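Trainee: kindly generate the corresponding structure for this input.
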Amino acid sequence: FEARGKMAGNQQRLDRRRQYTGPEFLKEGFRPLFMAAGIWAALAVPVWVAVWSGLISYNGIFPPQVWHIHEMMFGFVAAAVGGFILTAVPNWTGRLPVRGMPLAGLALLWLAGRLAVWFSSSTGPIAAAAIDLLYLTALVLCVGRELFAGRNWKNAPVLGALALLLGANGLFHLDAAGIAETGGLAIRLSIAAMALLVALIGGRVVPSFTRNWFAKNGGPEIASPMAGFDIAVLFATVIALFFWVASGEGSAAGTALVVAGLLNLARLARWRGWKTTGEGLVTILHVGYLWLSVGLTLLGVSMLYDAMTTAAALHMLTLGAMGTMTLAVMTRAILGHTGRDLHAGPATIAIYVFVTVAMILRVAYGFAPGTGLIWASAGFWTMAFALFVWVYAPMTWRKRAAK
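Mentor: Here you go, the predicted model:
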């Protein structure tokens, strides 16, 4: 009887944990963190352009251009990645999601990092680093605990990429504090970690969602995700990124990146994205992965020939692949997890168009500096994310729609 009583008590406590009664906005990781990513993306780019043009001043521990790179990677992208992974982990492990006050704590750590970096001239480099590193540290520990408890070893590479991102942030701060000259390494490692996450996660969701859409709309059969060819492509991508991170610009890294980019293009072609134009939510995933593939290729070309600037190739990877893929995943996840139809309406299509135009204009600026293209690119980027927040924020604090 005593054993039965304990089992009943444990079951009651588990049932209470499952019956979440807190704020809807803190029910799943995508709700606060996707909004943090969208708001920061809409704010940080125009602020950077204003700093770059001399309209406002930034006197923090990072040089202005480094602040821009840092905040895109560890402000915007890190929030989007955190929202996606915290939402996906329960599906991977079968465990309850991180929600309520723990989730609020993670979001506040992210916000504290943004404030600490902006006001770092007052706090000093050590305090700014300590505060800014808390969010990714907590995220890595949280995801690691869930994967370990759920014995979900196949997603360990995602945890490894998160750890690399945390390490890259630490390298930024080591350089800013004058402890070590790690600024260039930090930039390369942060971009490489994010490119790897796009290849890993995008390589699952793009064919998976495409296959589901084809099944409902009479589409063709496509290659299975994570088949032998996909694993080989991921391996080639890791090797190329490793060469680039370790050695910087050079012929070996350039050749490896070109090979990896072309292999990713072949991987993308196997998913037949050109047949998905009937649904923007699916097509945009292919577009995001296309920018990853082309960006890797052009980054390699920029090291081998003078026809392409490194900055233009990097913006195709960052603004193009990461900006497009985050919007593709965030819009789809919010619609799906809040009970709405998985269909891109006119406003969502406009979001996708704006971010695509922003990428094209920014890459074009690399070939025509001194023009107003950078202002136009920043404007389209801001419109994309401002519209995203305007349309999707209400869905994150309201209850799931009834179908």
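Trainee: what helix or strand is Pro102 on?
Mentor: Using DSSP states H and E, the element containing Pro102 is helix 101-118.
Trainee: quick check: next helix or strand after that helix?
Mentor: helix 120-123.
Trainee: from Gly219, how far out is Leu265?
Mentor: Applying Cβ to Cβ, to the nearest Å, the value for Leu265 to Gly219 is 21 Å. C-beta here means a position set from N, CA and C on the backbone, and glycine is covered the same way.
Trainee: for the chain, which spans come out with low pLDDT?
Mentor: 1-18, 225, 402-403 (pLDDT under 70).
Trainee: so where's the longest helix in it?
Mentor: In terms of residue count, the longest helix belonging to the chain (DSSP state H) is helix 183-217.
Trainee: give me the buried positions along the next helix or strand after that helix.
Mentor: For helix 183-217, the following helix or strand on the C-terminal side (DSSP H and E) is helix 228-247. Buried residues in helix 228-247, counted by 16 or more other Cβ atoms under 10 Å: 230, 233-234, 236-238, 240-241, 243-245.
Trainee: which elements pack onto helix 228-247?
Mentor: helix 183-217, helix 251-269, helix 280-304 (3 or more Cβ pairs under 8 Å, 6 or more residues apart in numbering; DSSP states H and E).
Trainee: give me that answer again for 10 Å
Mentor: helix 156-176, helix 183-217, helix 251-269, helix 280-304 (3 or more Cβ pairs under 10 Å, 6 or more residues apart in numbering; DSSP states H and E).
Trainee: show me what the first one is packed against.
Mentor: Yep, that's helix 156-176 we're talking about. For helix 156-176, the helices and strands in contact under the criterion 3+ Cβ pairs under 10 Å, 6+ apart are helix 64-71, helix 78-93, helix 101-118, helix 125-149, helix 183-217, helix 228-247.
Trainee: so it versus helix 125-149, what angle?
Mentor: If you take axes from the mean of the first three to the mean of the last three Cα atoms, to 10 degrees, helix 156-176 sits at 170 degrees to helix 125-149.
Trainee: buried residues in helix 156-176?
Mentor: Residues of helix 156-176 classed as buried: 157-159, 161-176 (neighbour count, 16+ other Cβ under 10 Å).
Trainee: do the third one as well
Mentor: By 16+ other Cβ under 10 Å, the buried positions in helix 251-269 come out as 253-254, 256-265, 267-268.
Trainee: ok, now the longest one?
Mentor: Buried residues in helix 183-217, defined by neighbour count with 16+ other Cβ under 10 Å: 183, 185-207, 209-211, 213-214.
Trainee: thinking again about what came up before, I'd like the buried residues of helix 228-247 laid out as a markdown table, including distance to Arg272.
Mentor: Formatted as a markdown table, the buried residues of helix 228-247 follow (distance: Cβ to Cβ, whole Å):
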| residue | distance to Arg272 |
| --- | --- |
| Asp230 | 15 |
| Val233 | 17 |
| Leu234 | 20 |
| Ala236 | 22 |
| Thr237 | 21 |
| Val238 | 26 |
| Ala240 | 25 |
| Leu241 | 27 |
| Phe243 | 31 |
| Trp244 | 30 |
| Val245 | 32 |
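Trainee: ok, these vs Val66, which is closest?
Mentor: Using Cβ to Cβ, Val245 comes nearest to Val66 of the buried residues of helix 228-247, at 17.1 Å.
Trainee: what helices and strands are in contact with the longest helix of the chain?
Mentor: Packing partners of helix 183-217 (3+ Cβ pairs under 10 Å, 6+ apart): helix 64-71, helix 78-93, helix 156-176, helix 228-247, helix 251-269, helix 280-304, helix 310-315, helix 323-337.
Trainee: just want the angle from the second one to helix 156-176.
Mentor: Orientation note: helix 78-93 sits at an angle of 160 degrees relative to helix 156-176 (the same axes, to 10 degrees).
Trainee: in helix 78-93, what's buried?
Mentor: So for helix 78-93, counting by 16+ other Cβ under 10 Å, buried means 78-90, 92-93.
Trainee: what do you get for the shortest one?
Mentor: Of all the residues in helix 310-315, those buried under the rule 16+ other Cβ under 10 Å are 312-315.
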